[in-house]
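Asker: have a look at this prediction, sequence included:
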Amino acid sequence: MSVAEPRRIVLFRHAKADWPQVPDHERPLAERGRTDAAVAGRKLADTGIAFDLALCSTATRTRETWKLAVHELAHRPKTVYEERIYEASPGELIAVLNELPDEARHVILIGHNPGVHGLAEILAASAEDDVRERMNRRGFPAAAFALLTFDGPWKSLEPATARLTDYWAPAD
């Protein structure tokens, strides 16, 4: 890998959750969510990114989303289940990312809205083609993901330091 190669981060919102009578943290995926999580996994595989690390919220719906999506990838990254991702604001998510080891070049974060969408917006100083327009038009529905790139160590990641290079949502 070239020293000049940018870091990549995928911000992945959990798939559609069900609404049973359980605490929010314990909500499982709905049937549509299970289908969309696998489709999102195939789209992630299409990016060709070999993730070094996955950071996943401890909520049931995020863990289920990741379990279904990761089966579609050629390479299974190390997964860390991080309590701080659940209900995190964009600033709290940046703090988690700032702690990553610099050996991790390509990271996927599986989390929740509004934090994940807000983080994509805040980090992106620029965007390729119509990617930002598509993301803004669609919002960040369940099972959507955004791909951003940036240069430098993880501790330097802050607002407006990344480039939004791709966006996908199940209806695309």
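Answerer: Nice, thanks for sending it over. Numbering: from 1, shown residues only.

Asker: how about Ala50, phi and psi?
Answerer: phi -100, psi 100 (degrees, to the nearest 10).

Asker: SS state for the nearest residue to it once chain neighbours are set aside?
Answerer: For Ala50, ignoring the flanking residues on the chain, the nearest one in space by C-beta to C-beta, 6 or more residues apart in numbering is His75 at 4.6 Å. In this view, the C-beta of every residue, glycine as well, is placed from N, C-alpha and C. Look at His75: counting by DSSP: H, G, I helix; E, B strand; the rest coil, its state is coil.

Asker: so how far is Val131 from His75?
Answerer: Distance of His75 to Val131, given as C-beta to C-beta, to the nearest Å: 25 Å.

Asker: also Phe51?
Answerer: Per C-beta to C-beta, Phe51 is found 20 Å from Val131.

Asker: residue ranges for the helices of the chain, please.
Answerer: 31-46, 60-70, 90-98, 115-123, 131-138 (DSSP state H).

Asker: of the ones you listed, which is nearest Val80?
Answerer: helix 90-98 (9.7 Å; C-beta to C-beta).

Asker: just the angle between the closest one and helix 115-123, please?
Answerer: Here the directions of helix 90-98 and helix 115-123 differ by 80 degrees (axes from the mean of the first three to the mean of the last three C-alpha atoms, to 10 degrees).

Asker: show me what helix 90-98 is packed against.
Answerer: strand 106-111, helix 115-123 (3 or more C-beta pairs under 8 Å, 6 or more residues apart in numbering; DSSP states H and E).

Asker: bridge partners for Thr149, pull those for me.
Answerer: Listed beta-bridge partners, Thr149: Arg8, Arg163 (assigned using DSSP bridges).

Asker: which parts of stretch 5-19 are buried?
Answerer: Residues of stretch 5-19 classed as buried under the neighbour-count rule (16 or more other C-beta atoms under 10 Å) are 6-17.

Asker: lowest-confidence helix or strand of the protein?
Answerer: helix 131-138 (a mean of 94; mean pLDDT, DSSP states H and E).

Asker: buried residues, that one. List them.
Answerer: Buried residues in helix 131-138, counted by 16+ other C-beta under 10 Å: 131-132, 134-135.

Asker: same question, stretch 144-153
Answerer: Buried residues in stretch 144-153, defined by neighbour count with 16+ other C-beta under 10 Å: 144-150.
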